[in-house]
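[1] Sequence plus the predicted model coming up.
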Amino acid sequence: MNMKHKLIGNKDLYKAVLMVALPIMLQNAITNFVSLLDNLMVGSLGTLQMSAVSISNQLFNVFMLLTFALLNSSGIFLAQYCGKKDGKGMANCFWVKIYSTVIFLILAITTFYIFGDKLVSLYLHNNDASTIVETANYAHNYMRIMLVGLVPFGFACVFSMSLRETGRTFFPMLASIIAVFVNLFFNYCLIFGKLGFPQYGTSGAAIATVIARYCEMLLVFIYLLINKHEIEFIKHLKEGLEIPKLLINRIISKGSPLLVNEIFYTIGITMVAQSYAYRGIDAVAAYNIITTIGNLAFVANMACANAIAIMVGQKLGAGKIEEAKEMNTQITFFSFMVNICVGIILIMFSGRIPHLYNTSLHIRELATQGLIVYGLYCPISSIYLACYFTIRAGGNTKLTFFFDGFFSLFISFPIAFFLSRFTSFGIIPMYAIVSGADILKVCIGLKLISSGKWARNIVD
């Protein structure tokens, strides 16, 4: 097989990829676009309010990433059981998700409630005392309200991710789209006091998010009830309640490195963001704009990576190892080409987007430079993410730990820490250097994938 045929698949492959990836892409695009509008609304209240919400959301992102890691450990098995057409095995995995989510929610809510204010204070540096106090107060009020939304978020993830792992991506997308528009409507009403609603400012943004999360959870739950006779893991829910100890041990064996990986990764990226905050409130505000717009550009990357996890995982579960390897190479190359286009578009509009924000010219200039850096690294991040999801699809979660979480905490963070404490570099040179470290991850990832050792059936 020549290189062209190795990298480029047939029409049926791309049709299948788009069937899986487009709903996820559309869902994430709308979610992140509404997040951008939400960000703009909060930003219109002032730089301190925007920074307070940004800091709180960075902390909640830790919870979200750990939730995904917790569920993905069972999801690896659920996707392969789906390829094997084993309904009971799928139901077993679903129950593991439910139990682990309940335990994790209790731990997370307790942690945020007790230590939330101390965590926020880690991001407040190089400003006068009154600015720090005011920003901390906004963050405190926002965080306490957002705690109420962690429960519906957790269960919505359980329902939606389980559906996606069986190839049912449309309704989770639809539920998420409805939820983000609910969020947008109540943001407008509660932040600014429109349509007869009280004006709550940043607290209004938190209330709107909580309402939207309950909406999404209920919609997906109702869908599961209506279609309970067609969805395999729901059809076998009662018999799947008795989870075999062997499966639990295997999920823990595969899931523990994945969870530790996400813990290390989230600590790493959180501490990197905290290092950027050493350059003051302007740096926090600029980084908020960069990450908000960057997340919108990231949807194509994440959709293709999820297609790898689902489609390659199902091939492995069906025992079609060589087909899985070939499919993985072709989807990875497709993702790379898509993200070249995304990066070019982001760079083209980098000078205009920050002007949507009601903030200072200096913050807008920093954000523009940061978006250019983000755009340049889009193709690189697509390869890294494809490698990560490929290794995970084959169940080799120990490799993902060294490849991802270990790298984030022990390579990216020390670089950011050194630059913030021992140099006079501004946030953009710091951001470019830290992002550039991902090139090493790409080299490691491609080496691991080329060995072919990742491609394993873990459910036989």
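    Happy to help now that I have it.
[2] following the longest helix that the chain contains, which helix or strand shows up next?
    Once the chain is assigned using DSSP state H, the helix that runs over the most residues is helix 47-84. For helix 47-84, the following helix or strand on the C-terminal side (DSSP states H and E) is helix 87-121.
[3] and the angle from that following helix to helix 47-84?
    Orientation check (axes from the mean of the first three to the mean of the last three CA atoms, to 10 degrees): helix 87-121 against helix 47-84 gives 160 degrees.
[4] Could you list the buried residues of helix 87-121?
    Across helix 87-121, burial judged by 16 or more other CB atoms under 10 Å covers 87-97, 100-101, 104-105, 108-109, 112, 116, 119-120. (C-beta placed from N, C-alpha, C; glycine too.)
[5] residues in contact with the residue nearest the centre of the chain?
    By CA atoms, centre = their mean, the chain has its centre lying nearest to Leu65, at 6.0 Å. Going by CB atoms under 8 Å, 6 or more residues apart in numbering, Leu65 touches 262, 265-266.
[6] Are any of the residues you listed buried, and if so which?
    Neighbour-count burial within the contacts of Leu65 applies to 262, 265-266; the criterion is 16+ other CB under 10 Å.
[7] measure stretch 415-428 end to end?
    Counting by CA to CA, to the nearest Å, you get 14 Å between the two ends of stretch 415-428.
[8] got any ranges where the protein has weak pLDDT?
    1-5, 9, 27, 31-32, 34-36, 38-39, 125-129, 240, 397, 458-460 (pLDDT under 70).
[9] Can you list which of the contacts of Leu65 are found in strands?
    Counting by DSSP state E, no part of the contacts of Leu65 is found in strands.
[10] mind giving me TSV with those residues and columns for distance to Leu399?
    Below are the contacts of Leu65 laid out as TSV (distance: CB to CB, whole Å):
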residue	distance to Leu399
Glu262	14
Tyr265	14
Thr266	19
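[11] From the residues you listed, which land in helices?
    Reading helices off the contacts of Leu65 with DSSP H, I get 262, 265-266.
[12] and of the residues you listed, the nearest to Leu195?
    For those, the closest approach to Leu195 (CB to CB) belongs to Thr266, at 37.6 Å.
[13] How about the closest one: what's its closest non-neighbour residue?
    Nearest residue to Thr266, sequence neighbours excluded (CB to CB, 6 or more residues apart in numbering): Val62, at 4.4 Å.
[14] residue ranges for the strands of the protein, please.
    According to DSSP E, the chain contains no strands.
[15] Could you report the distance from the closest residue to Thr329 other than its chain neighbours to Glu326?
    Closest residue to Thr329 apart from its sequence neighbours, by CB to CB, 6+ apart: Lys6 at 6.0 Å. For Lys6, the distance to Glu326 equals 8 Å [CB to CB, to the nearest Å].
[16] what's near enough to touch the residue nearest to Thr329?
    Contacts of Lys6 by CB under 8 Å, 6+ apart are 326, 329-330.
[17] and what of Ala273?
    58, 123, 287.
[18] okay if I get the residues you listed as JSON lines plus neighbour count?
    JSON lines is the format used below for the contacts of Ala273 (neighbours: other CB atoms under 10 Å):
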{"residue": "Gln58", "neighbour count": "22"}
{"residue": "Tyr123", "neighbour count": "25"}
{"residue": "Tyr287", "neighbour count": "26"}
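[19] Which one of the residues you listed is nearest to His229?
    Distance to His229 across the contacts of Ala273 (CB to CB) is lowest for Gln58, with 42.4 Å.
[20] now the closest one: how far from Val158?
    Gln58 sits 24 Å away from Val158, going by CB to CB.
[21] Burial check on Ile222, number of neighbours?
    12 (other CB atoms under 10 Å).
[22] start the count at 24, not 1, going forward
    Sure, I'll start counting at 24 from here, so that last one is Ile245.
[23] wait, Thr232 sits on Gly172?
    Yes - counting by CB atoms under 8 Å, Gly172 is a contact partner of Thr232 at 5.7 Å.
[24] who has more neighbours, these two?
    Thr232 (25 against 20).
[25] which ones are touching the residue nearest to Lys217 when sequence neighbours are not counted?
    Leaving aside its chain neighbours, Lys217 sits nearest to Tyr211 (5.6 Å; criterion: CB to CB, 6+ apart). With contact set as CB under 8 Å, 6+ apart, Tyr211 has these partners: 64, 217-218.
[26] how about a cut-off of 10 Å?
    Residues near Tyr211 by CB atoms under 10 Å, 6 or more residues apart in numbering: 60-61, 64, 217-218, 220, 227, 231.
[27] Next one: it from Leu68, what distance?
    13 Å.
[28] Now the common contact residues for these two.
    Joint contacts of Tyr211 and Leu68 (CB under 10 Å, 6+ apart) are Gly227.
[29] Chain neighbours aside, what residue packs nearest to Ile376?
    Ile316 (5.6 Å).
[30] cool, and Gly449?
    Using CB to CB, 6+ apart, the closest residue to Gly449 is Arg302 (6.5 Å).
[31] what about that neighbour, how many neighbours?
    21.
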